[in-house]
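Undergrad: Below is the structure, and that's it, no one-letter string:
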């Protein structure tokens, strides 16, 4: 979890990305809430080899990163 706040820049050019699609993606990231994540994580089949603790860590990671990723997506539009 030490890397949860570390940005991971894309390793390829982004100047051909559709600015409207990027804004929509950023807005959708900002709209994700805990209940959305709980529903998604609860849909993982019980037959999959994953523990509740691993799913909880994934949910935390996604919830924590979404706002910063949305900001970085918007910054890509300005370059």
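TA: Good, I have the coordinates. This is a predicted model, so every value here is computed, not measured.
Undergrad: who does the helix of greatest length in the chain touch, helix- and strand-wise?
TA: Identified as the longest helix of the chain according to DSSP state H is helix 52-77. Contact here means 3 or more CB pairs under 8 Å, 6 or more residues apart in numbering; DSSP states H and E; on that basis helix 52-77 packs against helix 19-31, helix 34-42. Placement of C-beta: from N, CA and C, glycine included.
Undergrad: how about those helices, which one is nearest residue 73?
TA: Between residue 73 and these, the tightest spacing by CB to CB is seen for helix 19-31, at 4.3 Å.
Undergrad: between the helices and strands packed on helix 52-77, which gets nearest to residue 2?
TA: Ranking the helices and strands packed on helix 52-77 by proximity to residue 2 (CB to CB) places helix 34-42 first, at 20.9 Å.
Undergrad: relative orientation of that closest one and helix 52-77 in degrees?
TA: Here helix 34-42 runs at an angle of 120 degrees relative to helix 52-77 (axes from the mean of the first three to the mean of the last three CA atoms, to 10 degrees).
Undergrad: tell me what helix 34-42 is packed against?
TA: helix 52-77.
Undergrad: What are the buried residues along the helix it packs on?
TA: Within helix 52-77, the residues that count as buried by 16 or more other CB atoms under 10 Å are 55, 59, 62-63, 65-66, 69-70, 72-73.
Undergrad: Take the helices and strands packed on helix 52-77 and write them to CSV, including mean neighbour count, distance to residue 51 and mean pLDDT.
TA: Putting these into CSV (neighbours: other CB atoms under 10 Å; distance: least, CB to CB, whole Å; pLDDT from 0 to 100) gives the following:
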stretch, mean neighbour count, distance to residue 51, mean pLDDT
helix 19-31, 13, 26, 95
helix 34-42, 13, 12, 95
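Undergrad: With distance to residue 7 added, can I get those in TSV?
TA: Formatted as TSV, those follow (distance: least, CB to CB, whole Å):
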stretch	distance to residue 7
helix 19-31	14
helix 34-42	21
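Undergrad: so which of those gets nearest residue 12?
TA: If you check each of the helices and strands packed on helix 52-77 against residue 12 by CB to CB, helix 19-31 wins as the nearest, at 14.6 Å.
Undergrad: Does the closest one pack against any helices or strands, and if so which?
TA: helix 52-77.
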